[in-house]
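Participant: Just to be clear, the model below is a prediction. Sequence and coordinates:
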Amino acid sequence: MVGNIIKLGWKNVWRNKTRSAVVIVSVVLGTWAGIFLSGLFVGLAQGYLDNHLKLSVPHIEISEPQFNDLYSPEYYIPASEAVISELQEITFIEKIEAESMTTGLVQSSRSSFGASIHGVQSDTTHVIEQYIVNGAMPGLSEERNPVLMGQKLAGRLNIEMGSRIVLSFQDTEGEITGGAFRVAGIFDTFSDPYDETNVFVMRDDLNRLLGLNNQIHDIKLTVDDISQAQNYADQLKKQFPDLSIQSWGEIAPELRMMFNLMDLTMYIVMIIVIIALVFSIINSMLMAVLERTRELGMLRAIGMNKSRVFSMIVWETLFLTVVGTPVGLLLSWSTVRYFEVYGINLTAFASAMNSYGFGTTIYPSLPPVYYLNITLLIAIAALLSSLYPAWKTLQLNPVEAIRKFN
Amino acid sequence: MNIMAVIQTHGLTKVYNQDQVPVHALRGVDLTIEKGEFTAIVGPSGSGKTTLLNIISGLDEPTEGKTIIRGTELNSLSDKELIDFRLNHIGFVFQSYNLIPVLTAVENVSFIMQMQGRSAEEYHKKSIELLKEVGLEDKIDKRPSELSGGQQQRVAVARALASKPDFVLADEPTANLDSVSTNELLDMMLELNEREEMTFVFSTHDQRVIDRARRVVTLVDGKIDSDEKR
């Protein structure tokens, strides 16, 4: 009998083709919208994370413990060459960047702004190179005291390539010092805040003004698996107990929070979409039940027990969802895959996106396990949305429903 | 106890709206219907026909009195037992046919046997036999919307007989039929009544049905006014 109840439920789905089609289309669109929005959000958040982990936040950062608090140049890493040698022996470390660093004022003839001043080596590559839109890295310039700065900062200082600027900061003795630099390169990243607050000079030039030799303040490490960054940092802490070692999650807790909230937010988006779907399904099924009051009353009268009537309505509801969900999943998978490859170009909103540190191309992405979880969520939602109409059916009084024998 | 009795009612009383203004639908109805009877229950609107048939079918409960079907007192059955009892002992024919629109004629007839748990082979064979008996062997795969009113009512009769009931209750079965269809339906039911000794109980206003009934029970104001056997 179960098979016949299922068969009857399936046939009932197609009794009112238009209404069923509307529900099925809404399931398709709901599934698609929920998954695509989730993919879009994951892509946006993942892009934001990737960009910042490539550019401004290292996977692991090593410094002298007090340097992080005060940014005073006298707190350089002691015996840094030995530290770097040891780091070079560790297999999970893919890249090591060492720089001297301080904070100070960048002054043009018109105005001045605060910035982090990075002293980079001329013989190592730096991620900022790929964002240079004019000129070159300081190490490749033939100018004396070359400086690389962001386009945004250059605009605010009203300077251009070849212009002279003055960098002022404290030296290791606590005295104000500074030097004249010439703009040898301009970079333009996806993040306006970064472009406005970072300048790059030769490490030797910076150290000379700071009163240092070849000391460094900061070692940035790129590791083979970013999800293991915290474990790797903990290992390094044991190896270098006198140094401050932080993973990206400790350096930028807001990024870690975003990483952790990615899943939660995606499911919240999906649950909102599913709640809308549930109400749409309940509404349609209630209409279907009310339209068939007489027939359902007749079935009860001739001997169809409550559990069979209940399961028939549950099956009808499940079928409505079962038909729409695979189509919605396929559609959303195709859409996410397409844009995962080709991206969604939001250049039109570049100004707003860059001001918040987002790239202008979003690559939606959703791991396969999420499709499975979303399918389960929809199945649960379909089951839940079938219960009320089915329960409502059981409340029918067969005598009133069929108004018989008169 | 009358061993030939299919339906027995004793002192059936039904009062609606007891707490406010009581309406006495039945006032002590004693009725016995024996196997093979072809009975019409007639009477003006409000005379209690509906209430009597509701109580006989176990769809409603009397305020007082009892209904015994083939020795089983309906009042003693639980809700679940009552549903099973209706499934296995009572055939229903409704005024508006009330077939399941998404099923074909043969599926409509089979459905009740499926609910009884009979085998696929048995219910399929029996459904076709029944549809042949009601003259619809060429319409077995038609849906109700593809059949005339008379044909739908024949399918309904076949469905009512499919459960091998003790009796068939028919609610104004000819109310929506033209005279040709009415006569054909009555001929068919009378033939089943004679050949199979199937007990039929009708509620009707239709004089054509009353004229051909073998027993006519007339209700007035909730009481049996006359009981004529022909």
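Facilitator: Sure, I can see it.
Participant: use CA for all of it now, contacts and neighbours both
Facilitator: OK.
Participant: which SS state does residue A:147 fall under?
Facilitator: strand (DSSP: H, G, I helix; E, B strand; the rest coil).
Participant: Show me what it is bridged to.
Facilitator: Applying DSSP bridges to residue A:147 gives these bridge partners: residue A:183, residue A:201.
Participant: Report the contact partners of it.
Facilitator: By Cα atoms under 8 Å, 6 or more residues apart in numbering or on different chains, the contact set of residue A:147 is A:138, A:181-185, A:199-202.
Participant: Okay, it and residue A:197: tell me how far apart.
Facilitator: Going from residue A:147 to residue A:197 by Cα to Cα, to the nearest Å gives 13 Å.
Participant: after the longest helix along chain B comes which helix or strand?
Facilitator: Longest helix of chain B, by residue count under DSSP state H: helix B:179-196. Helices and strands here follow DSSP states H and E; after helix B:179-196, the next one along the chain is strand B:199-203.
Participant: Which strands and helices lie in contact with that next one?
Facilitator: strand B:38-42, helix B:49-56, strand B:167-171 (3 or more Cα pairs under 8 Å, 6 or more residues apart in numbering or on different chains; DSSP states H and E).
Participant: So what are the sheet partners of the first one and their directions?
Facilitator: Which is strand B:38-42. Its sheet considered, strand B:38-42 pairs with strand B:199-203 (parallel), strand B:215-220 (parallel) by DSSP bridges.
Participant: Name the surrounding residues that touch the following helix or strand past the shortest one.
Facilitator: This means strand B:199-203. Toward the C-terminus, strand B:199-203 is succeeded by helix B:207-212 as the next helix or strand (DSSP H and E). The contact list for helix B:207-212 (Cα under 8 Å, 6+ apart) reads B:40, B:42, B:186, B:204, B:216.
Participant: Wait, residue A:244 touches residue A:63, no?
Facilitator: Yes - contact criterion Cα atoms under 8 Å: residue A:244 and residue A:63 qualify, at 5.2 Å.
Participant: And these two? Which one has more around it.
Facilitator: Set residue A:244 next to residue A:63 and count neighbours by other Cα atoms under 10 Å in any protein chain shown: residue A:63 wins out with 23 against 19.
Participant: Give me the phi and psi for the more buried one.
Facilitator: Backbone torsions of residue A:63, given as degrees, to the nearest 10, read phi -150, psi 170.
Participant: what's the distance between it and chain B?
Facilitator: Separation of residue A:63 from chain B (Cα to the nearest Cα, to the nearest Å): 77 Å.
Participant: Bridge partners for that residue, pull those for me.
Facilitator: Residue A:63 has these beta-bridge partners by DSSP bridges: residue A:218, residue A:244.
Participant: I'd assumed residue A:217 was in contact with it.
Facilitator: Yes - using Cα under 8 Å, residue A:63 is in contact with residue A:217, at 5.8 Å.
Participant: list the contacts for residue A:229?
Facilitator: Neighbouring residues of residue A:229 by Cα under 8 Å, 6+ apart: A:59-60, A:223, A:247-248.
Participant: Let me see the contact set for the residue in the stretch 201-350 of chain A positioned nearest to chain B.
Facilitator: Among all residues of the stretch 201-350 of chain A, residue A:303 sits closest to chain B, at 4.2 Å; criterion: Cα to the nearest Cα. By Cα under 8 Å, 6+ apart, the contact list for residue A:303 reads B:83-88, B:115.
Participant: Which pLDDT value goes with it?
Facilitator: pLDDT recorded at residue A:303 is 86.
Participant: How many residues are close by the nearest residue to it once chain neighbours are set aside?
Facilitator: Among residues not flanking residue A:303 along the chain, residue B:87 sits closest, at 4.2 Å (Cα to Cα, 6 or more residues apart in numbering or on different chains). Counted by other Cα under 10 Å, the residues lying close to residue B:87 total 26.
Participant: Where does residue B:87 fall, secondary structure wise?
Facilitator: Going by DSSP H and E, residue B:87 is part of helix B:79-89.
Participant: go on, residue A:364?
Facilitator: With DSSP H and E as the test, residue A:364 turns up in no helix or strand.
Participant: Surely it touches residue A:45?
Facilitator: No - Residue A:364 is not in contact with residue A:45 according to Cα under 8 Å; the separation is 9.5 Å.
Participant: okay, those two: which has more neighbours?
Facilitator: Shown here are residue A:364 and residue A:45; by other Cα under 10 Å, residue A:364 has more neighbours (27 against 21).
Participant: which parts of stretch A:284-303 are buried?
Facilitator: The neighbour-count criterion (16 or more other Cα atoms under 10 Å in any protein chain shown) identifies A:284-286, A:288-290, A:293-303 as the buried residues of stretch A:284-303.
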